[in-house]
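Q: model the following, please.
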Amino acid sequence: MNSKQPTKSQLLGTDSIPALLIQQALPASIGILVMSLNILVDTIFVGNWIGSIAIAAINVVLPVSFFIAALGMAIGIGGSSIISRALGADNYEKARKVFGNQIAITLVITILSVVFGLWFMDSLVYSFGGKGAIFEPAKIYYRIVLYGVPVLALCMMGNTVIRAEGAPTHAMIAMLIPSVGNLLLDYILINKLEMGMEGAAWATTLSYGLCFVYVAWFFVSGKSELVGTLKDLIPDWLILKEIGGLGFVTLSRQAMSSVLYLILNNVLFELGGEESVSVFGIIGRMMMFALFPVMGITQGFLPIAGYNYGAQKWERVREVIFTSIKFACGLGVLIFLGLFFFTREIASIFTDNTVVIEETSFALKLVFIAVPIISIQLIGAAYYQAIGKVIPALLLTLLRMGFILIPLILILPSIYGELGVWISFPIADVLSTVITAWYLWVAMKKLKLEITV
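A: Purely as a prediction, here's the structure:
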């Protein structure tokens, strides 16, 4: 391809940063919003049509299925960082080779992971909190959802690559399809056909099959700059090493999230039984839903920062960091205010269990109190991943959950009971944000030196 030919990716290095960020972040935010709404409505459907135990059962399964699906996301984000910088440097051959290797490694790793997950199904479900009345429905949901995980992983990988090419609208559509499809299938399979947990699981699995059809269409229809030849699928160990290093950052974050769910489900079960696990099930979904604009900005930030870093446009890199933090912090304030005044109403949407409603209403305020500043931590970790710096990206990604939150959850409940669980979240948010802010300050100084050279 002629490197001077205008492409969507080249606009990442020329258009105004605020306009680009809105262009990239808005579709990402809408996609995350609809996906989060899908998770919320799915939880509401399950809670009202099957029961509150079903919410706890799905919450138990999520860490396992999300972790295997995150393999695809890790490969996608790791490879997309390389692709963005390669496109910024006009190296289209490398970008295509990276994409081919992403496809091959995603299929191999996720299929092996599914075989492992099915082989150790009973012990995994139990270990992640599937105890008592939760075990059987969790096992039903786990088995069916796991069948579709390779397809989900390919969708996650493909979505990040589409965004790296500068096609955020198509990435958004790829996120909308499984969300809308899942809700329609929920209604048919759970409500009309009365399939219970099996219906909820098949609705999720089939919806990602629909997403895969769209993602595959994008790449084979000529809309992508990355479609190469079959030889691009042949593993290149240098490329795989780079994908693996950067992808390990994302995978570590999801692994830590799975460990967090495992610990929380078990700690809360010991403190308050199935009802306390259900409370976190609701809070976990609200965390996915409420943070959608902040996550959208982070997703939009990645390709812009990566492309301009690859093109050595240091002033634009600084600008996208500052602009992203400013936008995300402002949205964080609005999110917190919206949640703070309507916690009881939010909890009541999911269940009519008064104990769960009261505890959820109280816990939501504590868990979300530091949301206005958390974007600094998210964007700081994303920046180092976008520019290919594995070690600081890994440390900052694991900082909040792995180094601070999980230890607090293991310690504070022994002193404060369930209150100790909920106050661990804002403490971790504040401490991780302060540390990440220092890393970003160092990065800004380095970029300023590059500009003046």
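Q: name the residues of stretch 421-436 that are buried.
A: Buried residues in stretch 421-436, counted by 16 or more other Cβ atoms under 10 Å: 421-426, 428-433, 435-436. Heads up, the C-betas are built off the backbone N, CA and C, glycines and all.
Q: I'd like the mean pLDDT over it, please.
A: Stretch 421-436 shows an average pLDDT of 94 in the prediction.
Q: where's the residue lying closest to G158 once chain neighbours are set aside, which helix or strand?
A: Using Cβ to Cβ, 6 or more residues apart in numbering and skipping residues adjacent in sequence, the residue nearest G158 is V215, 3.9 Å away. If you go by DSSP states H and E, V215 is part of helix 196-220.
Q: would you map the helices across the stretch 351-453 of the chain?
A: Along the stretch 351-453 of the chain, counting by DSSP state H, counting those that start in this stretch, helices occupy 354-367, 371-386, 390-398, 406-411, 413-416, 418-452.
Q: for these, which one sits closest to A305?
A: helix 371-386 (4.1 Å; Cβ to Cβ).
Q: next, the angle from that closest one to helix 418-452.
A: Helix 371-386 runs at 50 degrees relative to helix 418-452, counting by axes from the mean of the first three to the mean of the last three Cα atoms, to 10 degrees.
Q: what is helix 371-386 packed up against?
A: Other elements packing on helix 371-386 under the criterion 3 or more Cβ pairs under 8 Å, 6 or more residues apart in numbering; DSSP states H and E are helix 52-88, helix 237-290, helix 292-310, helix 314-340, helix 390-398, helix 418-452.
Q: residues contacting the nearest residue to M287 once chain neighbours are set aside?
A: Nearest residue to M287, sequence neighbours excluded (Cβ to Cβ, 6+ apart): V367, at 7.3 Å. The contact partners of V367, taken as Cβ atoms under 8 Å, 6 or more residues apart in numbering, are 283, 287, 422, 425-426.
Q: please enumerate residues in contact with stretch 82-95?
A: Residues outside stretch 82-95 that contact it (Cβ under 8 Å, 6+ apart): 1, 3, 7, 9-10, 12-13, 98-99, 161, 164-165, 225-226, 239, 242-243, 246, 302-303, 306-311, 386-388.
Q: just checking, what packs against the helix holding V215?
A: With contacts taken as 3+ Cβ pairs under 8 Å, 6+ apart, helix 196-220 sits against helix 17-49, helix 52-88, helix 135-147, helix 149-164, helix 168-186.
Q: 7 Å instead, please
A: helix 135-147, helix 149-164, helix 168-186 (3 or more Cβ pairs under 7 Å, 6 or more residues apart in numbering; DSSP states H and E).
Q: before we move on, back to that, could you dump the helices and strands packed on helix 371-386 into CSV with distance to M156 added?
A: Formatted as CSV, the helices and strands packed on helix 371-386 follow (distance: least, Cβ to Cβ, whole Å):
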stretch, distance to M156
helix 52-88, 4
helix 237-290, 10
helix 292-310, 12
helix 314-340, 22
helix 390-398, 17
helix 418-452, 25
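Q: please work out which of those is packed deepest.
A: helix 52-88 (a mean of 27; mean count of other Cβ atoms under 10 Å).
Q: pLDDT of that helix, averaged?
A: 76.
Q: pLDDT below threshold where in this structure?
A: Residue ranges of the chain with pLDDT under 70: 1-9, 31-32, 34-40, 51, 63-66, 68-69, 228-229, 449-453.
Q: for P137, see how far away the residue nearest to M287 is.
A: According to Cβ to Cβ, to the nearest Å, V367 and P137 sit 26 Å apart.
Q: what of F342?
A: Separation of F342 from P137 (Cβ to Cβ) stands at 30 Å.
Q: compare these two and say which is more crowded by neighbours.
A: The neighbour comparison of F342 against P137 (other Cβ atoms under 10 Å) goes to P137, with 26 against 13.
Q: ok, that one - contacts?
A: Counting by Cβ atoms under 7 Å, 6 or more residues apart in numbering, P137 touches 53-54, 57, 197.
Q: for G130, state which of the residues you listed is nearest.
A: A57 (7.0 Å).
Q: separation between that closest one and T323?
A: Computed as Cβ to Cβ, the A57 to T323 distance reads 42 Å.
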